[in-house]
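S.K.: predicted model follows, preceded by the sequence.
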Amino acid sequence: MSDTQPSPTTVSNPVIPGFHPDPSICRVGEDYYLACSSFEYFPGVPVFHSRDLVHWTQIGNALDRPEQLRLPPDSPSSGGIYAPTLRHHDGRFWLIVTNVSADGNLLVTATDPAGPWSDPVLLPGVRGIDPDLAWDADGTCWCTVAGVSQIRLDPRTGETFGPARRLWSGMPGAKAPEAPHLYRIGDWWYLLIAEGGTERCHGVSVARARTPEGPFEPCPANPVLTHRGTDRPVQNTGHADLVQAPDGSWWMVLLGVRPGGGTPGWHVLGRETFLTPVTWVDDWPVVGEVTLDLPAPPWPLVPGPTEPVRDDFDLGGLRPQWISLRDRPAEHCTTTERSGWLTLHARGDSLDEPDVVFVGRRQQHPTCEARTLIDAAQGRGGLAVRLDEEHHYEIEASGTQVRLLSRIGPLRTVVASRAVPAGPVVLAVRVSGTPLRDARTGPDVVTLGVEEPDGTFTGLGTLDGRYLSTEVAGGFTGRVIGMYAAAGTVHFDWFDYEPLNP
Ligand code: 6LW
């Protein structure tokens with residue numbers, strides 16, 4: 001932002017769009033760091049950096065080695081890596097997280113949050129999901145998990161001490177007390193939780209005590225945040241974490257969704273990371289409404305590097321935004337076999353398979369376009385919009401044939417096919433909005449096709465986007481758009497992703 005340009009009065013939420021749920025945040029000096037869940041994708045636990053809480057840049061992934069992240073081939077979509085907690089203590093970064101498909105709770109540390117992160121310390125004594133770390137002034141480390149219960153932990157060895165103790169089970173009648181975070185703020189210990197379930201009834205509640213072990217008294221105003229029963233454009237608000245800015249102000253990061261279409265509303269980008277301010281009244285947090293246009297924070301904004309539209313795969317390795325399914329063995333995925341190309345050697349024979357070779361990036365905008373130049377002379381592969389193994393649309397090339405395929409639950413369809421000239425061909429996907437005609441209008445439509453030799457786009461079909469939404473497919477993730485190989489060897493010269501104007 002140049003000195004002459006006035007600072008904006010509002011900033012856009014979500015601050016980290018696309019499926020980046022269960023955010024956990026910490027601050028070191030002027031720098032903020034944030035980590036999110038990643039489920040069946042490898043590498044796992046994306047780590048972000050910001051100087052202003054508004055602009056975030058992914059700096060790596062905490063679990064980027066098979067020794068850290070075991071995701072068995074039969075592990076389900078939306079299994080794997082659930083909610084992390086990221087903290088800075090005693091000169092190091094600490095990240096605790098649950099692998100529900102193997103190992104359970106584990107802890108990794110780093111001096112540089114961009115990595116490398118340590119091999120995991122397994123935590124067999126920590127039972128439950130959504131583990132949190134908090135340290136007392138005497139150095140005692142308290143680990144709190146969903147439910148909500150707590151156990152004393154040595155984070156360096158993983159040893160636990162004594163039985164887990166139930167601290168609080170949330171507000172009467174609310175289900176799923178989870179996502180606990182424990183903070184020492186002033187004379188109080190605060191216990192922040194999510195409850196109501198991560199769907200439309202999601203909310204945030206808080207309790208406080210004079211010691212980290214309780215007893216905790218609930219805030220009279222609980223839930224301190226929920227959008228349940230409202231017509232607000234951001235829904236499912238919950239799973240929050242608190243951070244104090246250098247100027248003493250308090251802020252909350254949390255997950256939310258942006259449903260589109262008629263009723264019940266379908267969200268396709270997964271649960272995204274939002275920001276909202278927090279004030280304090282009578283030593284209780286008061287949380288601002290989570291809006292799409294957030295009043296700008298009272299400090300200079302520091303935009304990060306602009307993400308390029310095109311990835312030419314010429315960096316010698318893949319950028320941290322690229323994710324694969326459960327693993328990414330070098331013998332199946334390389335950018336060195338053909339210099340400046342991404343080469344995929346097939347393993348599974350379609351996107352219905354959990355071990356299909358896939359490299360994708362989160363869809364982060366309601367309307368967007370993705371394109372790739374594919375050489376499928378020696379195999380079969382293409383460009384896909386994926387929610388999970390049972391919900392995906394793809395434009396697939398093999399030699400001089402291109403097909404549009406769809407998988408919706410039990411239904412597999414070859415929607416269209418056509419011949420293309422021999423040689424590399426540009427495949428393209430366009431996601432665009434749909435005018436709200438009636439209660440049954442879906443959230444968007446997905447057009448998949450090819451670019452002719454003269455560059456014009458020819459769609460092979462336009463499919464209803466509701467079938468690639470969480471409300472239809474279920475689960476905890478959001479759409480990922482990427483490249484795959486289903487037979488033989490397939491090469492990709494470049495990949496473009498850019499938002500389109502609504
Ligand atoms: C996570 C739980 C939740 O462990 O969903 O939204 C689970 N909250 O806290 C997976 O994201």
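M.R.: All right, it came through fine. Residues are numbered from 1 along each chain as shown.
S.K.: the residue nearest to T57 when sequence neighbours are not counted in helix, strand or coil?
M.R.: Leaving aside its chain neighbours, T57 sits nearest to G304 (3.7 Å; criterion: Cβ to Cβ, 6 or more residues apart in numbering). The C-beta positions use only the backbone N, C-alpha and C, and glycine is treated the same way. Under DSSP: H, G, I helix; E, B strand; the rest coil, the three-state class of G304 is coil.
S.K.: and G304, how many residues sit next to it?
M.R.: G304 has 16 neighbours, counted by other Cβ atoms under 10 Å.
S.K.: the one 3 residues further on too?
M.R.: Applying other Cβ under 10 Å, we find 14 other residues in the vicinity of E307.
S.K.: what does the pLDDT read for P8?
M.R.: Looking at P8, its pLDDT reads 82.
S.K.: ok now do the residue lying closest to it once chain neighbours are set aside, which residues does it touch?
M.R.: Counting by Cβ to Cβ, 6+ apart, the nearest residue to P8 once its immediate chain neighbours are dropped is A296, at 5.5 Å. Shown in contact with A296 (Cβ atoms under 8 Å, 6 or more residues apart in numbering): S7, P8, T9, T10, V11, V54.
S.K.: if I look at the third one, how far off is the ligand?
M.R.: Per Cβ to the nearest ligand atom, to the nearest Å, T9 is found 31 Å from the ligand.
S.K.: OK, contacts around that residue?
M.R.: T9 touches P295, A296, counting by Cβ under 8 Å, 6+ apart.
S.K.: could you rerun that using 6 Å?
M.R.: By Cβ atoms under 6 Å, 6 or more residues apart in numbering, the contact list for T9 reads A296.
S.K.: coming back round to it: which of the contacts of A296 has the most neighbours?
M.R.: V54 (21 neighbours).
S.K.: for that residue, which non-adjacent residue is closest in space?
M.R.: The nearest residue in space to V54 (Cβ to Cβ, 6+ apart) is V11, at 4.6 Å.
S.K.: and the one you found, which of the three is it?
M.R.: Classified using three-state DSSP, V11 is strand.
S.K.: and the residue of this structure that's closest to the ligand?
M.R.: Taking Cβ to the nearest ligand atom as the measure, the chain has T198 as its residue closest to the ligand, at 3.3 Å.
S.K.: in three-state terms, label that residue for me.
M.R.: coil.
S.K.: can you give me the neighbour number for it?
M.R.: A count of nearby residues for T198, using other Cβ under 10 Å, gives 20.
S.K.: how much space between it and V290?
M.R.: 15 Å (Cβ to Cβ, to the nearest Å).
S.K.: which positions in the stretch 251-400 of the chain make contact with the ligand?
M.R.: L255 (Cβ under 6 Å from any ligand atom).
S.K.: and the strands in the stretch 251-400 of the chain?
M.R.: Shown for the stretch 251-400 of the chain, the strands assigned by DSSP state E, counting those that start in this stretch span residues 272-281, 284-287, 293-295, 310-311, 324-325, 333-334, 342-345, 357-362, 368-375, 379-388, 391-398.
S.K.: so can I have a markdown table of the ones you listed showing mean neighbour count?
M.R.: Converted to a markdown table, the strands of the stretch 251-400 of the chain look like this (neighbours: other Cβ atoms under 10 Å):
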| stretch | mean neighbour count |
| --- | --- |
| strand 272-281 | 19 |
| strand 284-287 | 20 |
| strand 293-295 | 15 |
| strand 310-311 | 16 |
| strand 324-325 | 26 |
| strand 333-334 | 20 |
| strand 342-345 | 22 |
| strand 357-362 | 24 |
| strand 368-375 | 22 |
| strand 379-388 | 25 |
| strand 391-398 | 25 |
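S.K.: on that earlier part again, among the contacts of A296, which two are most distant?
M.R.: Greatest spatial distance among those (Cβ to Cβ): T9 and V54, at 12.6 Å.
S.K.: could you chop the chain up by domain?
M.R.: As given by automatic domain parsing, the domain ranges for the chain are 10-295, 310-499.
S.K.: and the longest one, how far apart are its ends?
M.R.: So the one you mean is domain 10-295. 4 Å (Cα to Cα, to the nearest Å).
S.K.: tell me how far it lies from the chain's centre.
M.R.: 12 Å (Cα atoms, centre = their mean, to the nearest Å).
S.K.: do the same with stretch 436-456
M.R.: 25 Å.
S.K.: what's the average pLDDT for that stretch?
M.R.: Across stretch 436-456, pLDDT averages out at 96.
S.K.: how about that stretch: buried residues?
M.R.: If you call a residue buried by 16 or more other Cβ atoms under 10 Å, then stretch 436-456 has these buried ones: T441, G442, P443, D444, V446, T447, L448, G449, V450, E451.
S.K.: how about the CA coordinates for that stretch, as CSV?
M.R.: The C-alpha coordinates for stretch 436-456 follow below in CSV (Å, rounded to 0.1, in the frame of the first residue of the first chain):
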residue,chain,number,x,y,z
LEU,A,436,-31.0,-17.2,-7.1
ARG,A,437,-34.2,-18.3,-8.9
ASP,A,438,-36.0,-20.2,-6.1
ALA,A,439,-35.4,-22.1,-2.9
ARG,A,440,-33.8,-25.0,-4.7
THR,A,441,-31.1,-23.0,-6.5
GLY,A,442,-27.7,-24.5,-5.9
PRO,A,443,-24.6,-22.6,-4.8
ASP,A,444,-22.8,-22.5,-8.1
VAL,A,445,-22.1,-24.4,-11.4
VAL,A,446,-18.9,-26.0,-12.6
THR,A,447,-18.0,-25.9,-16.3
LEU,A,448,-15.2,-28.2,-17.4
GLY,A,449,-13.7,-28.3,-20.9
VAL,A,450,-10.7,-27.7,-23.2
GLU,A,451,-9.1,-24.8,-24.9
GLU,A,452,-9.0,-25.1,-28.7
PRO,A,453,-5.7,-24.5,-30.6
ASP,A,454,-6.8,-20.8,-31.1
GLY,A,455,-7.3,-20.4,-27.3
THR,A,456,-11.1,-20.4,-27.2
